[in-house]
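> coords please:
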Amino acid sequence: MKTASPVLNPPCTAYAEALPLPRSRAADYLELTKPRIAVMVLFTVAVGAILAAGGMIWWWPLVHVLVGTALVAAGGSTLNQVIERHTDSLMRRTENRPLPAGRIRPIEAATMGLLLGVAGIVYLAATLPQPLAALLGGLTFVCYVFVYTPLKRRTTLNTLIGAIPGALPPVIGWAAIRGSIDREAVVLFSIIFLWQVPHFLAIAWIYREDYHRAGLRMLPDQPGGAAVAGRQMVVYSAALLATSLVPVGLHSAGLVYLVGASALGLMFLVYAFGFVWMPSIARARRVLRASLVYLPALLALLLVNAVLR
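Numbering: from 1, shown residues only. Okay, the predicted model is just below:
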């Protein structure tokens, strides 16, 4: 942004220089909430709610569960960065985040994260007729912040543990409508749980040097990590393909979904096999891109199937 010239506009110079500061600070606070991740989280919440309503949109419960979950997700992401500010400062991909860069104080971020998380849980409890969505929101918040985040420095199992709170948002959406956890909600949870493993293993491979520098325990950085990570990508992608077809067996999805889910699952599996055949950053990026295509496309198929039934 260009600032006013001190020669041409001397009375406005101080104002012009100060103006970008609050914008930058606002952007830093927004960055703490990880908005790009939040968009995907809220999409899965909406999918769960719409599927629970039989392909219809029950507007007020949907709006309430999206607002409440957005607050929970924002609070969790903020506290995650508070806890990881020292390790973030050691990684190139995260060293310029607001906390390691010193643009926001830890106490400010911790207060913000705690307030957002608690506000989200209270909002879900106050606006939805059933308490289950709020309970699941609280479970997601606690597991992500206080279980998964600390374990990243202690065990390579952190990916599997972190996949639990990562897979709960569509169940929150489902519970907001039904007030229960039905078998279809369990299938949604299982799909997103399984999807996360090859997705995050690909990320861990791409940034394995960064993770090693920060002392985070990621599977690709361990001895023989490429082979083990590759096998797990294949195993979880194959399990994902099988699980994605369960709605057909439950008679809640038809031929269009069967064809689409099979094609998407096979595509994902092929890229996972490609990484096993020749582990490299380029092939890990292909797995990552395939994962980013797979999940929205599969969930869209589920929505289309529910609307057309």
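
> tell me the domain ranges of the protein?
The chain breaks down into these domains under automatic domain parsing: 30-180, 182-309.

> Looking at those domains, spot the one closest to Ser24.
domain 30-180 (7.7 Å; CB to CB). (C-beta placed from N, C-alpha, C; glycine too.)

> what's the distance between that closest one and the middle of its chain?
What separates the centre of domain 30-180 from the centre of its chain is 8 Å, taken as CA atoms, centre = their mean, to the nearest Å.

> And that domain, end to end?
Terminal residues of domain 30-180 lie 33 Å apart, using CA to CA, to the nearest Å.

> tell me, what residue is most central in this protein?
By CA atoms, centre = their mean, the chain has its centre lying nearest to Ile37, at 4.7 Å.

> Quick check: it touching Ser77?
Yes: Ile37 is within contact range of Ser77, at 6.7 Å (criterion: CB atoms under 8 Å).

> and the gap between the residue nearest to the centre of the chain and Asn80?
10 Å (CB to CB, to the nearest Å).

> What are the buried residues along the helix or strand the residue nearest to the centre of the chain falls within?
If you go by DSSP states H and E, Ile37 is part of helix 35-52. By neighbour count on 16 or more other CB atoms under 10 Å, the buried set for helix 35-52 is 38, 40-52.

> do the same with stretch 278-294
Neighbour-count burial for stretch 278-294 flags Pro279, Arg283, Ala284, Arg285, Arg286, Val287, Leu288, Ala290, Ser291, Tyr294 (criterion: 16+ other CB under 10 Å).

> can you check stretch 179-198 too?
Residues of stretch 179-198 classed as buried: 184-185, 187-198 (neighbour count, 16+ other CB under 10 Å).

> Could you do stretch 52-59 as well?
In terms of neighbour count (16+ other CB under 10 Å), stretch 52-59 has its buried residues at Ala52, Ala53, Trp58.

> Now render the residues you listed as TSV, adding distance to Phe273 and pLDDT.
What follows is those, written out as TSV (distance: CB to CB, whole Å; pLDDT from 0 to 100):
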residue	distance to Phe273	pLDDT
Ala52	35	96
Ala53	38	95
Trp58	42	95
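
> residue ranges with poor pLDDT in the stretch 201-309 of the chain?
Applying pLDDT under 70 to the stretch 201-309 of the chain flags no residue at all.

> where exactly do the helices run in it?
Under the criterion DSSP state H, counting those that start in this stretch, the stretch 201-309 of the chain contains helices at 208-214, 225-244, 246-249, 255-277, 281-308.

> Show me what the shortest one is packed up against.
Translated: helix 246-249. When contacts are defined as 3 or more CB pairs under 8 Å, 6 or more residues apart in numbering; DSSP states H and E, helix 246-249 packs onto helix 183-206, helix 255-277.

> what sits up against it?
Helix 246-249 is contacted by residues Glu184, Val187, Ser190, Ala253, Gly254, Tyr257, Leu258, Ala261, Leu302, Asn305 when judged by CB atoms under 8 Å, 6 or more residues apart in numbering.

> so what's Arg25 scoring on pLDDT?
Among the per-residue scores, Arg25 holds a pLDDT of 87.

> Ala70 too?
98.

> Test my guess that it contacts Ala119.
No: between Ala70 and Ala119 there is no contact under CB under 8 Å: 10.4 Å.

> higher neighbour count, these two?
Each of Ala70 and Ala119 has its neighbours counted (other CB atoms under 10 Å); Ala70 has more, 20 against 16.

> what's the helix or strand for that one?
helix 59-83.

> tell me which residues in that helix are buried?
61-62, 64-83.

> same question, stretch 257-273
For stretch 257-273, burial by neighbour count (16+ other CB under 10 Å) applies to Tyr257, Leu258, Gly260, Ala261, Leu264, Gly265, Met267, Phe268, Leu269, Tyr271, Ala272, Phe273.

> could you dump these to JSON lines with distance to Met91?
Output for these, formatted as JSON lines (distance: CB to CB, whole Å):
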{"residue": "Tyr257", "distance to Met91": "40"}
{"residue": "Leu258", "distance to Met91": "42"}
{"residue": "Gly260", "distance to Met91": "37"}
{"residue": "Ala261", "distance to Met91": "36"}
{"residue": "Leu264", "distance to Met91": "32"}
{"residue": "Gly265", "distance to Met91": "32"}
{"residue": "Met267", "distance to Met91": "31"}
{"residue": "Phe268", "distance to Met91": "27"}
{"residue": "Leu269", "distance to Met91": "30"}
{"residue": "Tyr271", "distance to Met91": "25"}
{"residue": "Ala272", "distance to Met91": "25"}
{"residue": "Phe273", "distance to Met91": "29"}
